[in-house]
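Enquirer: Sequence first, predicted model second:
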Amino acid sequence: MSDGIFEMAILGRVVWDLHSLNNEGTVGNVTEPRTVVLANGEKTDGISGEMLKHIHAENLWILEANKDSFCEACKRLEPARADKNTNVTKKNTPQDAVRQAIIDCTLCDAHGFLIQKPTVARPSTIEFGWAVGIPEIHRDIHLHARHALGEKVKPKGAPQTGKCDSCGRDNVDVWEIEQQKLCKDCAATLTTSQMIYHRPTRSGAYAVVTVFQPWKIGLNNVNYAYEIDDNKRKERYNLVLKAYQTMFMRTEGAMTTTRLPHTEGFEGLIVVSKANMPAPIISPLREDYKDEIKKIATMMNQTSNQSVNENEILEVMEFSSISSFIEKMKGLLERRPYKLTLEK
């Protein structure tokens, strides 16, 4: 029985309340949420794959205790990754550049990179689709205000003689400002201009699809050789799985300083491919996505000629909550990344 993992797909529905994890941009003082259009023409809310991949990469970086396992660029979470690694860019051939990048950095290996000179790209082992709001998502725009620095209060009208409520000086000229009696000096320290702004919140269930390809860990896509040993590949595999656990356990994204999502739940499937066969994907936008995946897995297992675990190449694991998801991923930590058999 093989315990190797070739690919795994995570398909599920996560419920986030009152979040603003990803936005289209700000026009004037209004921040607009992301809007996407589905195949039937229906508009709904979305969180981009770029944002979700960034969240996963940041979690991977946080979880790695030994930051020396990253290249100099990734130690600073520099998005250029291997292209900022001088050990890589001084190489003369794409094969050597990819080899050096994989050896030097866990994050480059897992999340991929593009090198300008010599020009070569190494695809990511991790893929995310958009998190798509399952209609209907509840969206709202909220009005906020804050006191802005810089614009000073200018006393208006004739002053009265009295005591300043701020500095306590008595028998001085005071003005009535914002329900206080203030002298000229204290009034000058005040700021009054309010910045009015509008921020969105959204609540609802989102369809999530992501694929992890452990067989690519440590693989040089130029000469198709594994550039790190099996123990190092296993360490990187574990780190990717743990980053999946933490990104859904507590999802960080845009505006979480004031709109940290209220995560209600996460349910779905983990589809594991134990031999060289792609893991199937059916969008959780469909109500019957679980049944479809299970039927596909059964049929593919029946027709497979692979000698893996009594022909069960595709293994489907169902989870019903975040704790259940974490438990399933914990079980996968006991497995190892699949390794291609390559002729020399």
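Expert: Now that the structure is in, tell me what you want to look at.
Enquirer: Against C186, how distant is the most centrally placed residue in the chain?
Expert: Nearest to the geometric centre of the chain sits I55, at 2.3 Å (Cα atoms, centre = their mean). Going from I55 to C186 by Cβ to Cβ, to the nearest Å gives 47 Å. Heads up, the C-betas are built off the backbone N, CA and C, glycines and all.
Enquirer: Same check on S320?
Expert: Where C186 is concerned, S320 sits at a distance of 60 Å (Cβ to Cβ).
Enquirer: ditto for A158
Expert: From A158 over to C186 the distance is 18 Å, taken as Cβ to Cβ.
Enquirer: Give me the buried positions along the one helix or strand K295 maps to.
Expert: Here K295, judged by DSSP states H and E, is contained in helix 289-303. The neighbour-count check on helix 289-303 (16 or more other Cβ atoms under 10 Å) flags Y289, K290, I293, I296, A297, M300, N301 as buried.
Enquirer: got a markdown table for these, with distance to L77 too?
Expert: As requested, the buried residues of helix 289-303 are arranged in a markdown table below (distance: Cβ to Cβ, whole Å):
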| residue | distance to L77 |
| --- | --- |
| Y289 | 34 |
| K290 | 36 |
| I293 | 34 |
| I296 | 38 |
| A297 | 37 |
| M300 | 39 |
| N301 | 41 |
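Enquirer: Can you tell me which of those residues is nearest W16?
Expert: Nearest to W16 out of the buried residues of helix 289-303 is Y289 (Cβ to Cβ; 18.9 Å).
Enquirer: Let's verify the residue nearest to that closest one when sequence neighbours are not counted: helix, strand, or coil?
Expert: Excluding the flanking residues, the one nearest Y289 by Cβ to Cβ, 6 or more residues apart in numbering is I282, at 4.5 Å. Secondary structure, DSSP: H, G, I helix; E, B strand; the rest coil: I282 is coil.
Enquirer: Quick check: I282 vs T31, distance?
Expert: 33 Å.
Enquirer: before we move on, the earlier item: looking at S320 and C186, which one has more neighbours?
Expert: The neighbour comparison of S320 against C186 (other Cβ atoms under 10 Å) goes to C186, with 21 against 12.
Enquirer: for the protein, what are the low-confidence residue spans?
Expert: 1-2, 145-154, 178-179, 188-195, 305-311, 343-344 (pLDDT under 70).
Enquirer: just so I have it, where are all the helices in it?
Expert: 49-63, 72-75, 86-89, 94-104, 106-111, 184-188, 230-249, 289-303, 322-332 (DSSP state H).
Enquirer: okay, these, which one's buried deepest?
Expert: Of all the helices of the chain, helix 106-111 carries the top mean neighbour count, a mean of 25, counting by mean count of other Cβ atoms under 10 Å.
Enquirer: For that helix, name the packing helices and strands.
Expert: Here helix 106-111 is seen to pack against helix 49-63, helix 72-75, helix 94-104, helix 230-249 when contacts are counted using 3 or more Cβ pairs under 8 Å, 6 or more residues apart in numbering; DSSP states H and E.
Enquirer: Can you give the distance from stretch 5-16 to the centre of its chain?
Expert: 14 Å (Cα atoms, centre = their mean, to the nearest Å).
Enquirer: same deal with stretch 30-42?
Expert: With Cα atoms, centre = their mean, you get 19 Å for stretch 30-42.
Enquirer: contacting residues around it?
Expert: Applying Cβ atoms under 8 Å, 6 or more residues apart in numbering, the contact partners of stretch 30-42 are 20, 22-26, 43-48, 130, 132, 135, 139, 141, 197-200, 202, 285.
Enquirer: switch the cut-off to 6 Å
Expert: Stretch 30-42 is contacted from outside by N22, N23, E24, K43, G46, P135, H198, R199, P200, R202, using Cβ atoms under 6 Å, 6 or more residues apart in numbering.
Enquirer: Bridge partners for the last one, pull those for me.
Expert: Looking back up the chat, that one is R202. In this entry, R202 is beta-bridged to H19, R139, by DSSP bridges.
Enquirer: go on, the second one?
Expert: In this structure, N23 bridges to P33 when assessed by DSSP bridges.
Enquirer: From E58, how far out is it?
Expert: Distance, N23 to E58, by Cβ to Cβ: 18 Å.
Enquirer: what about the strands in the stretch 101-250 of the chain?
Expert: For the stretch 101-250 of the chain, the strands defined by DSSP state E, counting those that start in this stretch cover 113-115, 120-122, 126-128, 131-133, 138-147, 160-162, 172-177, 180-183, 194-212, 219-220, 225-226.
Enquirer: Which of those sits closest to P278?
Expert: strand 194-212 (8.4 Å).
Enquirer: can I get the CA coordinates of that closest one in PDB?
Expert: Extracted in PDB, the C-alpha atoms of strand 194-212 (Å, rounded to 0.1, in the frame of the first residue of the first chain):
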ATOM      1  CA  GLN A 194     -13.900  64.900   9.700                       C
ATOM      2  CA  MET A 195     -12.900  62.400   7.000                       C
ATOM      3  CA  ILE A 196     -16.100  60.700   5.900                       C
ATOM      4  CA  TYR A 197     -15.500  57.300   4.300                       C
ATOM      5  CA  HIS A 198     -17.500  54.300   3.200                       C
ATOM      6  CA  ARG A 199     -16.400  50.700   3.800                       C
ATOM      7  CA  PRO A 200     -18.100  47.400   2.600                       C
ATOM      8  CA  THR A 201     -18.900  44.300   4.600                       C
ATOM      9  CA  ARG A 202     -20.200  41.000   3.100                       C
ATOM     10  CA  SER A 203     -21.700  37.900   4.700                       C
ATOM     11  CA  GLY A 204     -22.400  34.500   3.100                       C
ATOM     12  CA  ALA A 205     -21.100  31.200   2.000                       C
ATOM     13  CA  TYR A 206     -18.200  31.000  -0.500                       C
ATOM     14  CA  ALA A 207     -17.200  28.200  -2.800                       C
ATOM     15  CA  VAL A 208     -13.500  27.400  -2.500                       C
ATOM     16  CA  VAL A 209     -11.400  25.300  -4.900                       C
ATOM     17  CA  THR A 210      -7.600  24.700  -4.400                       C
ATOM     18  CA  VAL A 211      -5.200  22.100  -5.600                       C
ATOM     19  CA  PHE A 212      -1.800  21.100  -4.100                       C
END
